[in-house]
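[1] Sequence isn't available, so here's the structure alone:
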């Protein structure tokens, strides 16, 4: 399906130029296409064309569409093969604003006569970042890594970079002072002065606080905390330095799926965030980017499909490398000390929080279906209590079946204990969030524990709706 606007119409056409329209599924679309008038349907005047196209393609599009640009066609095709039936992949063919060259980026221009350093430079994110720097005009790169081996998912980028720029590969452990000192000495011997640093080195860690050991903590602190500080000290010797960017994570701000095992991971990134703010207050170049979930590069490229699905169930969406790099470019253009870059389904994300968060109140719009729910609730409350309980029980059972991936709601026994069905605490939060959205009703975080069956939850919800306050 496609959404757009009529540019011109033939004699006798019912469509006037400027009319917002939709093309149904199966239509071949491009930036400009010629179609028969009968193949068009009117689109709401102020509707978002991307959302309209997604709904036309899926019939519902309950999940936010994945949006790509024409040059990301291969990524879009891969995403289309992975998407659920209620999520659409949309290619935005509208003209994109083009910046003039040379372009200022937060007060600086990426220059061909400067050297740009990327730590973690042979990882997926590091190589993608190096590719973006070359796209912006860099011709001299130093890619630093502890292993000296490019990540499997991004190895092809290294060859492309070498064809367009002079690439130095340096093996160094950023957590070791002697390695950083050797790196700095080598950088000063280069003909082109260092113009920018991107600190993308790091390692994934996952362990409950009770199971953490000092070696596990050190594994996180070494590249991020020690490495970040050593790079900060080294940066003082680079007189031509225009930017100092550190790659942080949403784990230090909003948390991530599985965050219960990432205290040390989040703490290390919190240091990088603070370092960027400290540098900014000193008048030094600084930017900390709290990245969310990249798709197909970095750690997500090595995740199992089940883990990726868990992340998306939490309300966090994986974004394409091209989308993430465009966001980085905008941050470099406009200047900032710290920014979160991620794609969220805010209602879904907030529904899984153990308590309401004022931080998200401005962005958590009502979930699909919340508008107009008042009439349905009024109809529900007008019914006799036995019928009302039956209808509420049906909704609760549907939400539980969806979370447990049951083939049919009939598999959910109204009186069965949730634990016996395999519903854990995380799934319980998802059920609670789904019921909150459906009934437009605030529910306690302990809902599933205090009322551990469909029957008991339904009775509690009915009492809240009826105003008895049990």
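    Yep, it's here. Every value quoted in this text rests on a predicted model; they were computed, and no experiment measured them.
[2] Give me the nearest residue to residue 441, chain neighbours excluded.
    Closest residue to residue 441 apart from its sequence neighbours, by C-beta to C-beta, 6 or more residues apart in numbering: residue 464 at 5.9 Å. To be clear about C-beta, it is placed using only N, CA and C from the backbone, and glycine gets the same treatment.
[3] got the residue ranges for the helices in the stretch 1-150 of the chain?
    Secondary structure of the stretch 1-150 of the chain (DSSP state H, counting those that start in this stretch): helices at 49-58, 73-82, 124-135.
[4] Could you tell me the least trusted of those helices?
    Among these, helix 73-82 carries the lowest mean pLDDT, at a mean of 64.
[5] Is the residue nearest to residue 441 in a helix, a strand, or coil?
    Under DSSP: H, G, I helix; E, B strand; the rest coil, the three-state class of residue 464 is helix.
[6] Make 49 the starting number, not 1.
    In the new numbering, first residue 49, that becomes residue 512.
[7] can you give me the strands in the stretch 199-348 of the chain?
    Ranges of strands in the stretch 199-348 of the chain, per DSSP state E, counting those that start in this stretch, are 214-219, 242-247, 291-297, 335-339.
[8] got CSV for those, with distance to residue 435 too?
    Converted to CSV, these look like this (distance: least, C-beta to C-beta, whole Å):
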stretch, distance to residue 435
strand 214-219, 71
strand 242-247, 62
strand 291-297, 49
strand 335-339, 49
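[9] Dump those strands into a markdown table; add mean neighbour count as well.
    Output for those, formatted as a markdown table (neighbours: other C-beta atoms under 10 Å):
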| stretch | mean neighbour count |
| --- | --- |
| strand 214-219 | 16 |
| strand 242-247 | 25 |
| strand 291-297 | 26 |
| strand 335-339 | 24 |
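[10] Nearest approach to residue 505 belongs to which of the ones you listed?
    strand 291-297 (34.9 Å; C-beta to C-beta).
[11] Any stretches of the stretch 299-448 of the chain with poor pLDDT?
    Of all residues in the stretch 299-448 of the chain, those with pLDDT under 70 make up the ranges 303-309, 346-356, 399-407, 409-424.
[12] contacting residues for residue 57?
    Applying C-beta atoms under 8 Å, 6 or more residues apart in numbering to residue 57 gives the contacts 63-65, 85.
[13] quick check, nearest of those to residue 117?
    residue 65 (25.9 Å).
[14] Number of residues surrounding that closest one?
    10 (other C-beta atoms under 10 Å).
[15] Now do the helices in the stretch 249-398 of the chain.
    Counting by DSSP H, counting those that start in this stretch, the helices of the stretch 249-398 of the chain are 262-269, 275-283, 311-329, 353-361, 369-382, 394-399.
[16] end to end, how far does stretch 454-469 reach?
    Start and end residues of stretch 454-469 are separated by 10 Å (C-alpha to C-alpha, to the nearest Å).
[17] Next: stretch 268-283.
    Taking C-alpha to C-alpha, the first and last residues of stretch 268-283 lie 22 Å apart.
[18] Can you give me the buried ones in it?
    Within stretch 268-283, the residues scored as buried using 16 or more other C-beta atoms under 10 Å are 268-280, 282-283.
[19] Likewise for stretch 163-172?
    163-172.
[20] among those, which two are most distant?
    So for the buried residues of stretch 163-172, where distance means C-beta to C-beta, the most widely separated pair is 163 and 172, at 22.1 Å.
[21] if we can go back for a sec, got a winner among the contacts of residue 57 for most neighbours?
    Using other C-beta under 10 Å as the neighbour test, the contacts of residue 57 are led by residue 63, with 15 neighbours.
[22] what about it, distance to residue 294?
    Here residue 63 is placed at a distance of 52 Å from residue 294 (C-beta to C-beta, to the nearest Å).
[23] so how far is residue 436 from residue 427?
    Counting by C-beta to C-beta, the gap from residue 427 to residue 436 is 10 Å.
[24] Who has more neighbours out of those two?
    Higher neighbour count among residue 427 and residue 436: residue 436, with 18 against 10, using other C-beta under 10 Å.
[25] Helix or strand: which one has that one?
    Element membership of residue 436, judged by DSSP states H and E, is helix 433-452.
[26] got the buried residues for that helix?
    Buried residues in helix 433-452 (16+ other C-beta under 10 Å): 436-437, 440-441, 443-449, 451.
[27] Throw the helices of the stretch 249-398 of the chain into a markdown table and include distance to residue 193, thanks.
    Output for the helices of the stretch 249-398 of the chain, formatted as a markdown table (distance: least, C-beta to C-beta, whole Å):
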| stretch | distance to residue 193 |
| --- | --- |
| helix 262-269 | 16 |
| helix 275-283 | 12 |
| helix 311-329 | 18 |
| helix 353-361 | 25 |
| helix 369-382 | 18 |
| helix 394-399 | 33 |
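[28] Of those helices, which is nearest residue 139?
    The nearest among the helices of the stretch 249-398 of the chain, by C-beta to C-beta, is helix 369-382 at 12.1 Å.
[29] Tell me if I'm right that residue 271 and residue 249 touch.
    Yes: using C-beta atoms under 8 Å, residue 271 is in contact with residue 249, at 4.2 Å.
[30] on that earlier part again, which of the helices of the stretch 249-398 of the chain sits closest to residue 343?
    Of the helices of the stretch 249-398 of the chain, nearest to residue 343 by C-beta to C-beta is helix 369-382, at 7.1 Å.
[31] Summarise which helices and strands that closest one is packed against.
    Using 3 or more C-beta pairs under 8 Å, 6 or more residues apart in numbering; DSSP states H and E, the elements in contact with helix 369-382 are strand 114-116, helix 172-183, strand 291-297, strand 335-339, strand 386-389.
[32] Spit out the contact partners of the nearest residue to residue 365 once chain neighbours are set aside.
    Leaving aside its sequence neighbours, residue 365 sits nearest to residue 391 (C-beta to C-beta, 6+ apart; 4.0 Å). With contacts defined as C-beta under 8 Å, 6+ apart, residue 391 is in contact with 112, 340-341, 364-367, 371.
[33] on that earlier part again, what's the closest of the contacts of residue 57 to residue 506?
    residue 63 (50.0 Å).
[34] State the distance from residue 315 to residue 138.
    From residue 315 to residue 138 the distance is 38 Å (C-beta to C-beta).
[35] An error on my part: the question was meant for residue 332.
    According to C-beta to C-beta, residue 332 stands 41 Å off from residue 138.
[36] out of the two, which sits in the busier spot?
    Taking neighbours as other C-beta under 10 Å, residue 332 and residue 138 compare with residue 138 leading, 22 against 14.
[37] For the more buried one, report the pLDDT, please.
    73.
[38] who's it bridged to?
    Assessed by DSSP bridges, residue 138 has beta-bridge partners residue 115.
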